[in-house]
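K.L.:
Could you work out the structure for the sequence below:
(chains A and B)
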Amino acid sequence: MFTLAFAIITLGLGLFAFKIHKLSEQKSTKLFGISFIFISLHYFIQSLLNFSIVSTLNQNICNIMKIDNINSLNTLGAYSHMLFFIMGLATLTYMTLKIENKTTYILLLILPIASIIFSQNKLYLFYAIASIFLIFIAIHYLKNYLKNRQFKTLLILIAFIFLLFGNLHFIFSVNHGVYYIIGHFLELVAYLLILLNFILVLKK
Amino acid sequence: MTKKRNRLQVIRDILSTINKKKGEIKPTHILYKSNLSHHMMDEYLKELISKKFIKENRKTRGKTYSITKKGKDYLDQYKLITNFTESFGLD
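P.N.:
Numbers count the residues shown, from 1 in each chain, chains lettered A, B, ... in the order given. Got it, this is the predicted structure:
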C-alpha cells in the first residue's frame, strides 16, 4: 500500500512538473518531471512485485506475457524496479549539477546501471549507489535552503534527508528485516513532506 | 541593496514590458525598461523567441517585438511557476 501511495505522489509531481515546463520552458522542470516519472515507475513496479506474491496473479501475468516461469517475471520486475529508481535519481542529480552536457547525463545513467548488472551483490550496490545520488541531491537542497531560507525549501530538504536515511536503512535490510520497516517508515515521512510541499504550491 | 533578479523574474519583466505596450515594442524600449545590458537583453530576446514567448517583426524602420499567447500564459501563471520552482529547488 505504501509503495502504491509513493507511486501516485511521485507520478502527480512528475506530471505537474511537465505542466510547469510547458508554461516556463525551463529545462530543470523537465528534468525534474522525467526523474519523478522514473521514480514513480519504480514504485509502481515495486507495488506490482509486492502484489505478485499472490501466485495466481503472477501466473496470469506469465501467461499473458508468455514468460516461462514466475521466477523470470520476478527477476524482470526486480531489474526494472532498480533500473527506474537509479535512472530517476541520476536525472535528478544531473539537474542539480546545472550543466548542459548530454554525454555527462548518459554517463551518469550508464555507469551505475552497468555496475549493478555486473555486480555479484546487486541489491547492496543498488542501495549504495542510490544513497550516493541522494547525498548529492540532499546537498543541493541544503544549498538551496541556505540561499532561500523558507519553510517550503526546508520541507524539501528534510524530505530528501529522510529519503537518504531511509535508503541507508535498506542497505542493512538485506540481512535484517527490521531495517526494511524503518526504511519504509522514513520513506513515508519523506513523501508526506513532498506531498505537503506540493499541496502548498497548489494552494497559493 | 535590492536582491539580484533570477532568470524567471527577468523573463517576467521583459514579457510584462512588451505586454503593457499592447501591440509592438522596439528593442530600445525593452532595454530601457528591463534594466539589462545590451548583450544580456539580446540573449534573453533570442531565448524568448526560440521558446515562442515573443515574436520578432521586421519592418523597414527596424525590428519590433510582440508577445504571443504562450508569453501571456507565462505571465498569467508566473506565481504558480515561481512557487513550484522555488519550492522544489529548480531555479
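K.L.:
Next secondary structure element downstream of the lowest-mean-pLDDT helix or strand in chain A?
P.N.:
One helix or strand of chain A scores below all others by mean pLDDT, DSSP states H and E: helix A:55-65, with a mean of 62. Downstream of helix A:55-65, the first helix or strand assigned by DSSP states H and E is helix A:70-97.
K.L.:
okay, the angle between the next helix or strand after that next one and helix A:70-97?
P.N.:
Using DSSP H and E, the helix or strand that follows helix A:70-97 towards the C-terminus is helix A:102-118. Orientation check (axes from the mean of the first three to the mean of the last three C-alpha atoms, to 10 degrees): helix A:102-118 against helix A:70-97 gives 150 degrees.
K.L.:
Give me the distance from helix A:102-118 to the chain's centre.
P.N.:
Chain-centre distance of helix A:102-118: 16 Å, with C-alpha atoms, centre = their mean, to the nearest Å.
K.L.:
what's the answer for stretch A:91-100, then?
P.N.:
Going by C-alpha atoms, centre = their mean, where stretch A:91-100 is centred and where its chain is centred differ by 15 Å.
K.L.:
Check stretch A:166-181 too.
P.N.:
16 Å.
K.L.:
Distance of residue A:201 relative to chain B?
P.N.:
Counting by C-beta to the nearest C-beta, to the nearest Å, the gap from residue A:201 to chain B is 5 Å. For the C-beta atoms, the positions are set from N, CA and C on the backbone; glycine is no exception.
K.L.:
for the helix or strand hosting that residue, packing partners?
P.N.:
For residue A:201, the host element (DSSP H and E) is helix A:177-203. In terms of contacts (3 or more C-beta pairs under 8 Å, 6 or more residues apart in numbering or on different chains; DSSP states H and E), helix A:177-203 is packed against helix A:2-24, helix A:151-173, helix B:78-87.
K.L.:
Same list, these, but as CSV with distance to residue A:107 and mean pLDDT please.
P.N.:
Putting the helices and strands packed on helix A:177-203 into CSV (distance: least, C-beta to C-beta, whole Å; pLDDT from 0 to 100) gives the following:
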stretch, distance to residue A:107, mean pLDDT
helix A:2-24, 23, 91
helix A:151-173, 22, 90
helix B:78-87, 26, 89
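K.L.:
Distance to residue B:62 added to these, as a markdown table?
P.N.:
Shown next, in a markdown table, are the helices and strands packed on helix A:177-203 (distance: least, C-beta to C-beta, whole Å):
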| stretch | distance to residue B:62 |
| --- | --- |
| helix A:2-24 | 29 |
| helix A:151-173 | 44 |
| helix B:78-87 | 29 |
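K.L.:
how about low-confidence regions in chain B?
P.N.:
Within chain B, the stretches with pLDDT under 70 are B:1-4, B:22-23.
K.L.:
Return the residues of it in contact with chain A.
P.N.:
B:7-8, B:51, B:53, B:73-74, B:77, B:79-81, B:83-91 (C-beta under 8 Å from any C-beta of the partner chain).
K.L.:
From those residues, list the buried ones, please.
P.N.:
B:8, B:51, B:53, B:74, B:77, B:80-81, B:83-91 (16 or more other C-beta atoms under 10 Å in any protein chain shown).
K.L.:
Was I right to think residue A:28 contacts residue B:85?
P.N.:
Yes - using C-beta atoms under 8 Å, residue A:28 is in contact with residue B:85, at 7.4 Å.
K.L.:
Tell me where chain B has helices.
P.N.:
B:7-20, B:27-34, B:38-50, B:69-76, B:78-87 (DSSP state H).
K.L.:
Return the most buried member of those helices.
P.N.:
Most buried of these, by mean neighbour count (mean count of other C-beta atoms under 10 Å in any protein chain shown): helix B:78-87, with a mean of 20.
K.L.:
any idea which residue sits dead centre in chain B?
P.N.:
Nearest residue to the geometric centre of chain B (C-alpha atoms, centre = their mean): residue B:14, 3.0 Å.
K.L.:
Against residue B:35, how distant is that one?
P.N.:
Going from residue B:14 to residue B:35 by C-beta to C-beta, to the nearest Å gives 10 Å.
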